[in-house]
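Enquirer: A structural model of the following input is requested.
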Amino acid sequence: MNRLSFISSSRVPPRRLIGTVSRASAGCRENFILRSDGARVRYECVIVTPCNILRSFPLKIKLSAAAGVALWFALAAPLAQAEESGVVGEGREVTIEYTLTLDDGSTADSNVGGEPLVYTHGAGQLLPALEAALVGLGPGEEREFRLDAEDGYGEVDPRGFQEVPLDRIPEEGRQVGEMLVGVDPDGMPFQVRVAEVRDDLVVLDFNHPLAGQALNFAVKVLTVN
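Expert: Below is the predicted model of the structure:
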């Protein structure tokens with residue numbers, strides 16, 4: 001059973017949204033039980049349902065058998081090309097710049113003009129559907145594509161909302177939209193959003209900030225090693 005400790009509230013800088021994160025905000029949202037440990041502003045989040053960290057932020061693509069076969073054939077050629085030197089493929093260290101926008105036209109995340117993102121392809125560091133879209137690209141090549149919510153961070157899960165007594169939340173965290181910061185057993189930080197504030201309760205949202213959203217990517221491959 002995994003235990004996650006909610007430790008504080010904080011206005012933290014936006015994290016990179018396209019990669020995997022800690023167990024707290026990754027496909028471990030089933031059946032949270034929040035418990036106080038006395039006067040300290042701290043909660044233990046006991047995950048009743050076992051969590052598979054490899055599922056991070058519902059980074060799974062649900063496919064029927066027929067769709068799975070179709071996807072295999074669709075990716076067969078790019079995967080073969082990835083064996084060639086200099087293109088994105090399994091085990092390659094890839095450097096990219098990207099912009100992630102939502103359907104309302106807002107920019108959710110971008111590193112253009114900033115520090116490039118370096119990742120190892122196939123190591124589970126990015127959304128699987130995002131990785132699949134980059135297979136076969138070489139340095140200097142660009143691609144724009146759209147991921148539906150189910151291929152991104154999943155739909156909003158009602159089970160991800162939990163009520164917590166108001167007096168157990170720091171005063172500065174008692175505002176709708178405030179991000180509360182916790183640390184999982186591995187010391188990795190995660191964020192929980194304050195979804196609602198009532199007279200004596202706070203409703204916390206453990207869903208990913210982009211749950212339920214389609215993701216529009218514009219990605220440029222800078223280097224492949």
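Enquirer: what's Pro158 sitting at in phi/psi?
Expert: Pro158 adopts backbone torsions of phi -60, psi -30, taken as degrees, to the nearest 10.
Enquirer: Next one: it from Leu204, what distance?
Expert: Applying CB to CB, to the nearest Å, the value for Pro158 to Leu204 is 13 Å. Every C-beta, even on glycine, is put in place using the N, C-alpha and C of the backbone.
Enquirer: higher neighbour count, those two?
Expert: Shown here are Pro158 and Leu204; by other CB atoms under 10 Å, Leu204 has more neighbours (24 against 8).
Enquirer: Just grab the bridge partners of the more buried one for me.
Expert: Counting by DSSP bridges, Leu204 is bridged to Gln162, Val194.
Enquirer: mind checking which helix or strand of the chain has the lowest mean pLDDT?
Expert: strand 32-36 (a mean of 34; mean pLDDT, DSSP states H and E).
Enquirer: for Val202, helix, strand, or coil?
Expert: strand (DSSP: H, G, I helix; E, B strand; the rest coil).
Enquirer: For burial, what's the neighbour tally of it?
Expert: Per other CB under 10 Å, the neighbour tally for Val202 reads 23.
Enquirer: what's the answer for Gln213, then?
Expert: 21.
Enquirer: so where's this structure shaky on pLDDT?
Expert: Flagging of the chain using pLDDT under 70 yields the residue ranges 1-85.
Enquirer: for it, what spans make up the strands?
Expert: Ranges of strands in the chain, per DSSP state E, are 3-9, 32-36, 43-47, 93-101, 107-110, 117-120, 142-147, 161-165, 179-183, 189-197, 201-205, 215-224.
Enquirer: quick one: Leu126 from Leu215, how far?
Expert: Distance from Leu126 to Leu215, by CB to CB: 12 Å.
Enquirer: Tell me who's in contact with Val156.
Expert: Taking CB atoms under 8 Å, 6 or more residues apart in numbering, we find Val156 in contact with 207, 211-212.
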